[in-house]
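**Q** the following comprises the amino acid sequence and a computationally predicted model.
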Amino acid sequence: MESETEGQNLEFKARFPDSQHDVAKVACAFANAFGGKLEIGIGDRGEVVGVSADEVDSVQKHVGDAIQMLSPVPFYKITVEKRQGKSIVITEVSPMGRGFCTLGGIVYHRFGSQNRKLEGKTLHDFLIHRQVISFDESQSDALLEDIDPETLEEFLRIRNPSLKFEKEKMAEYLTNLRLARRNGNLKINNAALLFFSKEPARFIPQSEVKLVRFKGTEAHTVIDSAYAKATIPILLDTAEKFIEKNTRMAHRIEGMYRVEVPEYPKSVVREALVNAIAHRDYFNLNTIQVNIFDDRMQITNPGTLPEGLTLQILGTIAIQRNPITYEIMRDLHLVEAIGTGITRMRQDMRTAGLPEPAFEEVANFFRVTLYNSKRPLNVQLSPRQQICVEYLEKNPTISAKTYMQINSVSLFTAATDLKDLMKKGVLDRIGKTRGAYYVFKKG
């Protein structure tokens, strides 16, 4: 059997080292990464050396004592396995998940086959990723006079309509809301500035929304643009008004009444904006971007999904990157605490006869794409198929003959491409004779 090699989740030691610290460091690094196995009795090249029979018990005890040096102690399991007739002591260390452990106050992390000490920016980024440090709970340089009393009063009255607001008690209000701390002087948290600062951009310039309406389907010609820089409720209101101004409004008759039908359901747009603001990475100095095209709208916020959340389970569980920000938005009735937002977005788009939202992680950003009725699905198109889609955005139907002409291809190629577009769910064929034509698939 081919021998294993040391790597991200595996380390060998021919014998128990002279210092328990060496074993503790390996366990700490495994626990702070993805877990791993330490095999004692295996040489550096994977050769079986074994642990002598009279040392097996003491090696297991020494390993256990070494792991007990960690704070907190991760879950681990020690077993003995026979290989080539020799005893191997195997220690399996489980990952800490969202927490972390230290050895003598130092954080170690596993990088490939190396156990490295985390410090400086690397340590800071690790703690942010594990959500040990959150931006909204971090202290700012703001003073009490930087807080707008009217905005704070309005929020407090939403929570308690009978409250008698007293300006001289602002520090007490902020402290009770976990928006400030008393440590000698009053230390105001970043979350307070996001909602109640007179000039949020002065302290948190990345808390803004960049809004752009492009002509066509590419980010080339700008029709309209704006920057929203204000407290979170105003950011949200400004973004919604820009989107309403730069998207189409249709109408339908229900009974005796004429009903307005927005290009994108307002509930979906609101949820996408709220999620971008509530869950963005505020340590990232980039801004939220809203790009509106003829066929789609994209809302992109800095930061990928929080640890523990993946695209596959998105919408089934809720993990808050900014817990205080989320709590205040909930109290302002901007979000719901029951974690149904993504599910409702999907349902509301289907109800409107539109494709479900497309969620993706792009570099260090998270993006939501909403397609209008002109672009039914988020699918990969060939250059010829893209030309076909652009033609249908300006014309109600397309035939195989027209496809041949606009792409300069044979009838066989046109029929093959169109059949593929039907398979991808982009087009429907109307008719079965030579007079057949194609339209965008509805719903």
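**A** Noted; the coordinates are in hand. Keep in mind that what you see is a predicted model, and the values were worked out from it rather than measured. Numbers count the residues shown, from 1 in each chain.
**Q** how about stretch 96-105: buried residues?
**A** 96, 100-103 (16 or more other Cβ atoms under 10 Å). Quick note: C-beta positions are derived from backbone N, CA and C, even for glycine.
**Q** out of those residues, list just those in helices.
**A** Among those, no residue falls in helices (DSSP state H).
**Q** show me where pLDDT drops low in the stretch 1-150 of the chain?
**A** 1-3 (pLDDT under 70).
**Q** quick one: the strands in it, in order.
**A** All strands of the stretch 1-150 of the chain, identified by DSSP state E, counting those that start in this stretch, fall at 10-13, 36-40, 70-71, 76-83, 86-93, 102-103, 108-111, 114-117.
**Q** do the same with the stretch 251-400 of the chain
**A** Under DSSP E, counting those that start in this stretch, the stretch 251-400 of the chain gives strands at 257-262, 288-292, 296-302, 358-362, 365-371.
**Q** residue 108 is nearest to which of these?
**A** In terms of Cβ to Cβ, the element of those nearest to residue 108 is strand 358-362, at 27.7 Å.
**Q** so what are the sheet partners of the closest one and their directions?
**A** Its sheet considered, strand 358-362 pairs with strand 365-371 (antiparallel) by DSSP bridges.
**Q** the partner strand versus strand 288-292: what angle between them?
**A** 20 degrees (axes from the mean of the first three to the mean of the last three Cα atoms, to 10 degrees).
**Q** now the angle from strand 365-371 to strand 296-302?
**A** Going by the same axes, to 10 degrees, strand 365-371 makes 170 degrees with strand 296-302.
**Q** flag every buried residue along strand 365-371.
**A** Neighbour-count burial for strand 365-371, counted by 16+ other Cβ under 10 Å, picks out 365-371.
**Q** just give me the closest of these to residue 61.
**A** For those, the nearest to residue 61 is residue 366 (47.5 Å; Cβ to Cβ).
**Q** so that closest one makes contact with residue 309?
**A** No. Using Cβ atoms under 8 Å, residue 366 is not in contact with residue 309, being 10.2 Å away.
**Q** just give me the residue closest to the centre of the chain.
**A** The structure's the chain has its C-alpha centroid closest to residue 305; by Cα atoms, centre = their mean the separation is 2.1 Å.
**Q** which ones are touching that one?
**A** 311, 314, 361, 366 (Cβ atoms under 8 Å, 6 or more residues apart in numbering).
**Q** out of the residues you listed, which is nearest to residue 17?
**A** Using Cβ to Cβ, residue 361 comes nearest to residue 17 of those, at 40.6 Å.
**Q** spatially nearest residue to that closest one, not counting backbone neighbours?
**A** residue 304 (4.7 Å; Cβ to Cβ, 6 or more residues apart in numbering).
**Q** ok, that neighbour - how many residues close by?
**A** 17 (other Cβ atoms under 10 Å).
**Q** wait, what's in contact with it?
**A** With Cβ under 8 Å, 6+ apart, residue 304 has these contacts: 361, 364-366.
**Q** ok so, going back, mind putting the contacts of residue 305 into CSV with distance to residue 428 and pLDDT?
**A** Converted to CSV, the contacts of residue 305 look like this (distance: Cβ to Cβ, whole Å; pLDDT from 0 to 100):
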residue, distance to residue 428, pLDDT
311, 29, 80
314, 30, 82
361, 32, 88
366, 32, 94
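**Q** compare these and tell me which has the most neighbours.
**A** residue 366 (23 neighbours).
**Q** ok, that residue to residue 424 distance?
**A** Between residue 366 and residue 424 the computed distance is 25 Å (Cβ to Cβ, to the nearest Å).
**Q** cool, residue 78 as well?
**A** Looking at residue 78 against residue 424, where the rule is Cβ to Cβ, the gap reads 53 Å.
**Q** residue 354 too?
**A** With Cβ to Cβ as the criterion, residue 354 and residue 424 are 17 Å apart.
**Q** tell me, how many residues neighbour residue 34?
**A** By the criterion of other Cβ under 10 Å, residue 34 has 12 neighbours.
**Q** from memory it sits against residue 110, does it?
**A** Yes. Checked against Cβ under 8 Å, the pair residue 34 and residue 110 is within contact range at 7.3 Å.
**Q** shared neighbours of the two, which are they?
**A** 8-9.
**Q** ok, back up a step: can you redo the contacts of residue 305 as CSV with distance to residue 13?
**A** What follows is these, written out as CSV (distance: Cβ to Cβ, whole Å):
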residue, distance to residue 13
311, 39
314, 41
361, 38
366, 41
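**Q** return the closest of the residues you listed with respect to residue 122.
**A** Using Cβ to Cβ, these come closest to residue 122 at residue 361, 21.6 Å.
**Q** OK, contacts around the closest one?
**A** 304-305, 311, 367.
**Q** could you redo the last one with a cut-off of 7 Å?
**A** Contact analysis of residue 361 by Cβ atoms under 7 Å, 6 or more residues apart in numbering lists 304-305, 311.
**Q** please consider this matter closed, and thank you.
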